[in-house]
Structures are given as structure tokens and as C-alpha cells.
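**Q** Task: produce atomic coordinates for the following.
(2 chains)
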Number of protein chains: 2
Amino acid sequence: MTGTLYGIGVGPGDPELITLKGYRLLQSVPVIAWPAPLEGESMAHRIAAPHLPEGRIEIPIRMPISTDRFPVEGVYDQAAEDLGAHLSAGRDVAVLCEGDPFVYGSFMYLFGRMADRFPIRVVPGISSLTAGAAALGAPLAAQNDVLSVIPAPLPEEELERRLANADAAVIIKVGRHIDKLRRVLDRLGLADTARYIEYATMENQAVLPFAEAAQGKAPYFSLVLVHRRGEAWR
Amino acid sequence: MTGTLYGIGVGPGDPELITLKGYRLLQSVPVIAWPAPLEGESMAHRIAAPHLPEGRIEIPIRMPISTDRFPVEGVYDQAAEDLGAHLSAGRDVAVLCEGDPFVYGSFMYLFGRMADRFPIRVVPGISSLTAGAAALGAPLAAQNDVLSVIPAPLPEEELERRLANADAAVIIKVGRHIDKLRRVLDRLGLADTARYIEYATMENQAVLPFAEAAQGKAPYFSLVLVHRRGEAWR
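**A** From the prediction side, this is the model:
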């Protein structure tokens, strides 16, 4: 009997924002893996730590973390092999995923390598998008708004074109792109109403008018909310 | 001391997809309200029912439910008054919200009426968007994709323009707009790769290639996933 690979969304930061289902599975799965930097603490592991029982097989998947880079192929190849060995031996494996595994998550790289060979189940998690809206106290999208989720690493012209067409937008991965984003929001006349949030639901959460956000570099875990059509709920 | 109004995301359908935080609050709040049709069962209440303790003050907010219509002003005015009376008397109130309160949710109408007068906290929930992706077994968005959430009630031309510009898209509120959506997807050459899901995570969940979805009318709780740029994780 092959084991099942679970991609478990552990939520945006507050350990209480994991689902009952994710929590339950973490109590029973014999092997628990998570993405981690080459040195130091894994965000996904830190979020889930209060829920992890002792005595499990633990597999940190270590890789160089850079804000905009895409997967380190060799690392995921090796991880797929390591996790696959447990699955082939009949052991279920849980992979801890910040936010939701399928919303810009690195879990997709394991999924792409393993879905043909093993049963995979994804347990959705609270993404930073909705956690950010909750922290701001502002609906993300209303009625027939088109909601656009726009990664800040896009080229400046594309960022502007995308934002110009959005009813409601969340700009993600702001990080070192904040000055580029500021120029775009200025040109579109949105800089005064945009709202900025970093580390949503974590202890160091900050919520600011965009005009007051840092220059030069923001944390990778930051986002900006824009409502172009005003606020339909008011 | 004024009570706090909690908007609690109860998730997309599976009662286990509520957060630990939402669950905990439901155990302690003395007044619980939820949106409901004029007759019959409330979806939000049905999802949360296994978690609701006995002996609470229960307030169904009944209104005519139509698939595309926006709020019945008088109903929300009255609800804001009713819930406000409990808050003014110092009682916390929880409003059950399908999915996430701030993702196309009706909670925003209470929020808009009450945020100036009472403390409000939103507990994010799993939205049908991520639950749908998990049920399909397909990432919602990857890398620097722009993710567009597009309501199907939009006019046909706008629907087409929005979809033509999307990297990855989720079309929501499909319901009686499915034939219009089919025409648009056909014209864009996306009908063969689009995937359809209804009642994500509920007992009657169905996942189909879009080509096999019903003609004429789909359930309101259905959505369609499109990846225009292929699948970056493969």
C-alpha cells in the first residue's frame, strides 16, 4: 500500500489559522517535511510548530531562498526522491506549506514531480491575501469586481497595464520592488488610497497607508491592496 | 463595554475546513447570526452546525436569495440594528460567513454599516477559490502569473476581454451564465483545457472537464479554472 502525500496549508502566520483538517492530519502522519532556507528557521515550520507532535520523521527541504527566484530543480528532484521512498514504503507524508499550497506556493514543484506516481491530497490554507484583507479591515473584492492578484516582480510596464485594468487588486511579493510599485501607483493616481500590509497575522504585523511604507525594500511577505472602483460595501 | 462583532469564515463546505480560531470563537460567543434564505436552510449555518454549542442566541438574517442580485438594503439595515443592540449591551456577536468574509462575501454589507460604531474583527476562511483548486488537483497560480478572479455575471464582451488578458483565471458565480461563458471560452480557444467544479469540498462535489459541464444552468456554487500560460509546475 502506497502512502498519500498531503500538502497542508498552515496559513499566513498565526498558528490558529490552520484548519481543523490540517491540524488533525498533522497529529497522525508519520513523516513531516517542510521547505527551509539553507540556514536558519523555516517560516512554514515555525507556523505549524505548536501543532507538531514529537517523534515524527522530520524532513526539512533546504534550499537557497531568494525573493524572486524560481525553483532550484535539483533540490526538488532530491526531495521528491526522499519523500517518494517513504510513500513507497507505505508511510503518509505531510508537507507544511505557508498560506495555501496552490496559491503561488512552492508545493506545486513537488506536486509536478510526484502526482503521476503517488496519491496527493491538498488541504487548503488561509492565504496571505485574505489574511491581509482581514488585518486591514477591508473587503478584498465585492459584487462583480474582477479581483487581480499581481506579482510585483513583473516589469514596470506590465505592472502598470495590469493595475490600470483592475477593479480590485492585491499586489504580492512587494519586497525589493516597492519603489517601482510606488512609481506605478503614482502614475495611476492610486498611491493615496492604496494600503500596505506586512507580516499579516504575525506578531510583527504592520498595516499602513501605502504612502507611509518603507522606501527601497519591503519584506518579501508584504502586500498592497487597491480598490479602483471605490468601496462598494459603503 | 461594547461587544465585538466577529465575521467568521466557515470555509467552503467541509466543516473541517474552518480554522482553529474560528472554531474557538464559536465556542465562546453568546450571539451567533448567519445569512439565510427566506425559507429553508442556510449554507453558512449548515457548514458550521457541527461546531455550534447549544444555548446561544441565534439570529438568522433572512433575505431573498437570488444568484446575481446585490444586497437587500432594508434587510441589512435591520440586521445591523439587531446585532448592534447585542453589541451595545456588551455581548460579542459572531456572523457565520461561507468561505471568507471578505472575498465576495455578504458580510461586507454589515461591515459597511457597523464598522464606524463597533469593533469588528474578521477571521479569514478558506474560500471556494482555493478549495476548488485543491479539489481539482491543480495550482491556482504560479510564479509571476497574474491571477484573475472574474465573476461570470459580467457582460459577455467584458468577460471575453478579461479572460483574454488573464494568465490564470477563476470564473466564479457561473450559475445561469454557463452558456455565455462557454461561448467566450470557445472563442478564446480555452474550452478544451478549462476545468469545472461545483460544490467544492461538499458531499455532492463534482469535478469535470468544462466540456462535460451542464448546459443552460450550473449551480451558483460552481467555478471554472483556466490556465492560459500552461502549467508552470510541470
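
**Q** Would you map out the domains in chain A?
**A** A:5-126, A:129-227 (automatic domain parsing).

**Q** Kindly check the end-to-end length of the first one for me.
**A** The reference is to domain A:5-126. One end of domain A:5-126 sits 20 Å from the other (CA to CA, to the nearest Å).

**Q** Does chain B have contacts with that domain?
**A** Yes - Domain A:5-126 is in contact with chain B by CB under 8 Å from any CB of the partner chain, via A:9, A:11-12, A:14-21, A:23-24, A:70, A:100-105, A:108-109, A:111-112, A:115, A:120-126. Heads up, the C-betas are built off the backbone N, CA and C, glycines and all.

**Q** Look at residue A:106 and report its pLDDT.
**A** Here the pLDDT value assigned to residue A:106 is 88.

**Q** The residues of domain A:5-126 next to chain B in strands, which ones?
**A** Using DSSP state E, A:9, A:120-123 are the members of those that sit in strands.

**Q** and the two most separated of the residues you listed?
**A** Across these, the longest distance by CB to CB is 13.7 Å; it joins A:9 and A:120.

**Q** ok, and the most crowded of the ones in strands among the residues of domain A:5-126 next to chain B?
**A** residue A:9 (32 neighbours; other CB atoms under 10 Å in any protein chain shown).

**Q** leaving aside the residues next to it on the chain, what's closest to that residue?
**A** Once flanking residues are discounted, residue A:9 sits nearest to residue A:125: 1.7 Å by CB to CB, 6 or more residues apart in numbering or on different chains.

**Q** residue contacts, the one you found?
**A** Residue A:125 is in contact with A:8-11, A:17-19, A:22, A:97-101, B:126, B:130, counting by CB atoms under 8 Å, 6 or more residues apart in numbering or on different chains.

**Q** The helix or strand residue A:60 falls within - contacts with which helices or strands?
**A** Using DSSP states H and E, residue A:60 falls within strand A:57-63. Packing partners of strand A:57-63 (3 or more CB pairs under 8 Å, 6 or more residues apart in numbering or on different chains; DSSP states H and E): strand A:31-37, helix A:73-88.

**Q** quick revisit: and which of the contacts of residue A:125 is nearest residue A:147?
**A** Proximity of the contacts of residue A:125 to residue A:147 (CB to CB) peaks at residue B:130, which lies at 13.2 Å.

**Q** The host helix or strand of the closest one - what's its average pLDDT?
**A** If you go by DSSP H and E, residue B:130 is part of helix B:128-136. For helix B:128-136, mean pLDDT rounds to 94.

**Q** Can you pull out the low-pLDDT segments for chain A?
**A** Chain A contains residues with pLDDT under 70 at A:65-71, A:229-234.

**Q** If we use 90, what do you get?
**A** Filtered on pLDDT under 90, chain A yields the residue ranges A:37-40, A:63-74, A:106, A:138, A:142-143, A:165-166, A:214-221, A:227-234.
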